[in-house]
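*Asks:* Provide a 3D model corresponding to the input given below.
(2 chains)
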Amino acid sequence: SQQGEEDPQALSIQEGENATMNCSYKTSINNLQWYRQNSGRGLVHLILIRSNEREKHSGRLRVTLDTSKKSSSLLITASRAADTASYFCATLGRNNFNKFYFGSGTKLNVKP
Amino acid sequence: DTEVTQTPKHLVMGMTNKKSLKCEQHMGHRAMYWYKQKAKKPPELMFVYSYEKLSINESVPSRFSPECPNSSLLNLHLHALQPEDSALYLCASSQTTLAGAPRQETQYFGPGTRLLVL
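*Replies:* Residues are numbered from 1 along each chain as shown, chains lettered A, B, ... in the order given. Model prediction:
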């Protein structure tokens, strides 16, 4: 299976702290994306990093990609209570480019 | 308009009922997707449509029947479901290449339909 694994499964931090989530995947990819899901709602795209990129920033988000280790991390700086959600990485494989594989997800709780 | 809408928001049905879930987007996307998500699990791909043609069926039971009547609409017809089919059903869309294969870019998700099968 190409599906990624994420850790930690759950993360609880205080507002203002940084949150780091990690994602590992199994096969070669064209890009890796991070999505956020508020409880019982649809997924919202956060950021995409291509296989030839190593780091990308978007506002308070920083994503890294290490294709040699088949892993990615998402850092949320200066977290807010509104960041409380589940975060999923998603990969789109080179050979099966129209199938998304979602990681198992990290449930982030930011305490005010 | 970057919105994908889904109706209904909630649905309760018996195992003998027939119902349909609807999804609509007006972003000009020609790839549309159905996902199933159980509680505390990631979304699982069910079907992919590209230019209104079914391109992927992830071995989904025939009690789920997708339909793409035009480039903006995607339906999922439900018949004789089982209680284990209770889940959040998510629709998504994305751009496609000129060759018709979905681009490897962002998928836009609807808010989902929460389905309960009794």
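
*Asks:* Could you use CA atoms for every contact and neighbour count after this?
*Replies:* Fine.

*Asks:* Would you mind listing what in chain A touches chain B?
*Replies:* With CA under 8 Å from any CA of the partner chain as the criterion, chain A comes near chain B at residues A:30-31, A:33, A:40-45, A:48, A:88, A:92, A:97-105.

*Asks:* ok, 6 Å please
*Replies:* A:41-43, A:98, A:104 (CA under 6 Å from any CA of the partner chain).

*Asks:* Looking at those, which are in strands?
*Replies:* Among these, DSSP state E puts A:Leu43 in strands.

*Asks:* Just name the closest of the residues of chain A next to chain B to A:Thr77, please.
*Replies:* A:Thr77 has its nearest neighbour among the residues of chain A next to chain B in A:Leu43, at 20.6 Å by CA to CA.

*Asks:* Quick check: closest non-adjacent residue to that closest one.
*Replies:* A:Gln37 (4.6 Å; CA to CA, 6 or more residues apart in numbering or on different chains).

*Asks:* closest point of chain A to chain B, which residue?
*Replies:* Among the residues of chain A, A:Gly42 lies closest to chain B, at 4.0 Å counting by CA to the nearest CA.

*Asks:* these two touch, right, the residue nearest to A:Leu43 and A:Ala82?
*Replies:* No - contact between A:Gln37 and A:Ala82 fails when scored by CA atoms under 6 Å: they sit 11.7 Å apart.

*Asks:* Neighbour count: the two, which is higher?
*Replies:* A:Gln37 (19 against 12; other CA atoms under 10 Å in any protein chain shown).

*Asks:* Could I get the contacting residues of that one?
*Replies:* A:43, A:85-86 (CA atoms under 6 Å, 6 or more residues apart in numbering or on different chains).

*Asks:* so what's the residue of chain A closest to chain B up against?
*Replies:* B:109-112.

*Asks:* at 10 Å what do you get?
*Replies:* Residues in contact with A:Gly42, defined by CA atoms under 10 Å, 6 or more residues apart in numbering or on different chains, are A:35-36, B:4, B:43, B:88-92, B:108-113.

*Asks:* Phi first, then psi, for it.
*Replies:* phi -70, psi 170 (degrees, to the nearest 10).

*Asks:* From B:Tyr51, how far out is the nearest residue to it once chain neighbours are set aside?
*Replies:* Using CA to CA, 6+ apart and skipping residues adjacent in sequence, the residue nearest A:Gly42 is B:Pro111, 4.0 Å away. As judged by CA to CA, to the nearest Å, B:Pro111 and B:Tyr51 stand 23 Å apart.
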